[in-house]
Structures are given as structure tokens and as C-alpha cells.
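Visitor: no sequence on this one, just coordinates:
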């Protein structure tokens, strides 16, 4: 049972951001989402530096996806994380837990102050997310290739129960080298699970090398289409493009979104550098990173 408790103040800020994203003009939406994403990146830097471990490169590449999903797309309720009619989100690339925790805390699932315990002894905020310890986590992830099969079962279960819940699974691109993902895609297509969306964080780097050097994935769009998906491609750091792409209804098939991203996005000396897959910034690098991550903060975004 989780020891983390709902944070009403953070949830109010989150609800205000969601309202601004729903009702604001394009520039207002862009500002709100950009500020929220920058705040997440700042918190990730501090969390990983304090913990002495983490996957900062992948955390940064997935941050904008998480920001748009939690502030503009998913039907969720941080006060009641287990409500039956919710949408379901699975971060299959569970090693990027820091970005997920920062996003959940900013949404009110638990107090942002808890982020300082990241990976500390007995902290619920483990290096990989655990559904019994952290509200808002749908399933334990970490071993790559597990999240999409769980998402498939969740989507099928929601349909059998007559719920209109959507299931969104974020995969790393290197993770697609796990065959379990392709088995799940075949089954999702066979069952025509239109309530399932797969998002590939396509940063083209994995531990130790580029994906195309390790095991070529391109042409990824054609491969996903061949497995029965409706394929969309989007700039994974363009908040408004993401909002449109991830919100748009699909047809009668699972949707696969290729989100082209940059590993380490947001900090110049981390961007597109393979060594930052799992690396801890020094005290000097923390200062340099935070100096680049400046929040142009509109009203309603907590700091």
C-alpha cells in the first residue's frame, strides 16, 4: 500500500493548467505547457544529482510527452487514481521514472516535496515505478518489453467491461528490439483495439550506441503499419503538435505515434550524447543545467 498522499494544492495548480490548455489560445497553451515541462526537467536534474543515479537523457526526451499527456490529453483524477472510468498510462521505459514522478507530483498525486527522496533507502520512489507504492502508476515497469503487453490487456479489459477508457503506452525506441512488443502489436491489431495508443520516444539513442547501429529500426513507420497500426509522426518536443496528435481520435485500429525526440533535450551538453543515458551531473553541471532551464512562468504554474 502506498504511503504517498494526495496533494490538494498541487492538484489545484494542475487543474488550472489543464483548464488553460483546454480553453486558452495557442500561445497561452504553448506557454503553460512549456513552463510545466521546464519545471519537470529542473526537478529531474535535482533528483538525479541528489540520488547519485538516474537516466537523465531519456527522462529529458520523454518530458514533453508526459507534460502534454497529463496536462492536456489523459482523463485522470489525482484525488481518485483508481477510479474506474479513468484513462490508463503506462511508461514502459520505466528506467525514466524520475520524469514520471515529477509529472505525477506536479499533478497532485503526491506532494512535490517527496521528490527529494528519489531512490533513497525505503523511499517509495524507486528507480523503476511500482504501482503498489506510487499512486498514478498503473503497472510496474523496468524490464523492457513488458509495458505494451500490459497495456494491451488493459485496453482489452476496458472494452470487455464496456468502458470508454483510453490506454496510452510510451515505449523507448531501443525497447522495440524486444520481441514481446511486436507480439503485442499483432494481438492489438487482431483485436482492433482502437482504444490503445502506443507512443515511441524516438530519440535514436540507447545504452551504449545509436539504435540504428545496434539493430536497425527504420523504416519504423512502415514496420508499425505492417503490424496493423494507424501510424502518426510528430515532433516530440512541439507541445501544440503533440496536443493535436495525441488528442485526435483514431479509426478502428491501435494508433502508433512516432515522436521524434532528442535524448537529453533542454540542456545543451546533454543533448544527443550517448554517455548521458545513465550519468549523474556534477555540482558544476547541475548549476549549468539549471541556468539553461529557465521557466517563463505564466500564472498557474507552480514552482
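Guide: Okay, I see it. Here the structure is a predicted model, which is why all the values come from computation and not from measurement. Numbers count the residues shown, from 1 in each chain.

Visitor: What residues of stretch 198-209 count as buried?
Guide: Residues of stretch 198-209 classed as buried: 198-206 (neighbour count, 16 or more other C-beta atoms under 10 Å). Glycine gets a C-beta too; all of them are placed from N, C-alpha and C.

Visitor: How far does it sit from its chain's centre?
Guide: Counting by C-alpha atoms, centre = their mean, to the nearest Å, stretch 198-209 is centred 13 Å from the centre of its parent chain.

Visitor: Contacts for that stretch, please.
Guide: Residues from elsewhere that reach stretch 198-209 (C-beta atoms under 8 Å, 6 or more residues apart in numbering): 57-58, 61-62, 65, 93, 148, 151, 168-174, 176, 185, 210-212, 214, 220, 224, 229, 236, 246, 254-263, 272, 274, 277-278.

Visitor: What's the end-to-end length of it?
Guide: The first and last residues of stretch 198-209 sit 24 Å apart, counting by C-alpha to C-alpha, to the nearest Å.

Visitor: quick check: mean pLDDT across that stretch?
Guide: The average pLDDT for stretch 198-209 rounds to 93.

Visitor: One more: stretch 132-144?
Guide: Stretch 132-144 shows a mean pLDDT of 96.

Visitor: Quick check: residue 168 is in a strand.
Guide: Yes: counting by DSSP: H, G, I helix; E, B strand; the rest coil, residue 168 is part of a strand.

Visitor: Show me what it is bridged to.
Guide: residue 89, residue 197 (DSSP bridges).

Visitor: That one reaches residue 74, doesn't it?
Guide: Yes: contact criterion C-beta atoms under 8 Å: residue 168 and residue 74 qualify, at 6.8 Å.

Visitor: And the two? Which one has more around it.
Guide: Taking neighbours as other C-beta atoms under 10 Å, residue 168 and residue 74 compare with residue 168 leading, 24 against 18.

Visitor: Please name the residues that touch that one.
Guide: Counting by C-beta under 8 Å, 6+ apart, residue 168 touches 69, 73-74, 87-90, 151, 197, 199, 246.

Visitor: hang on, the earlier thing: just the buried subset of the contacts of stretch 198-209, please.
Guide: Counted by 16+ other C-beta under 10 Å, the contacts of stretch 198-209 give 57-58, 61-62, 65, 93, 148, 151, 168-174, 176, 185, 210-211, 220, 224, 229, 236, 246, 254-263, 272, 274, 277 as buried.

Visitor: Helices - which of these land there?
Guide: Secondary structure from DSSP state H places 57-58, 61-62, 65, 148, 151, 185, 211, 220, 224, 246 of these in helices.

Visitor: Let me have those in CSV, extended by distance to residue 284.
Guide: As requested, these are exported to CSV (distance: C-beta to C-beta, whole Å):
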residue, distance to residue 284
57, 18
58, 23
61, 23
62, 26
65, 29
148, 39
151, 40
185, 44
211, 31
220, 38
224, 42
246, 37
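
Visitor: okay, who's weakest in those by pLDDT?
Guide: Minimum pLDDT for those is recorded at residue 211 (88).

Visitor: thinking residue 138 is in contact with residue 89, fair?
Guide: Yes: with contacts counted by C-beta under 8 Å, residue 138 reaches residue 89, the gap being 6.2 Å.
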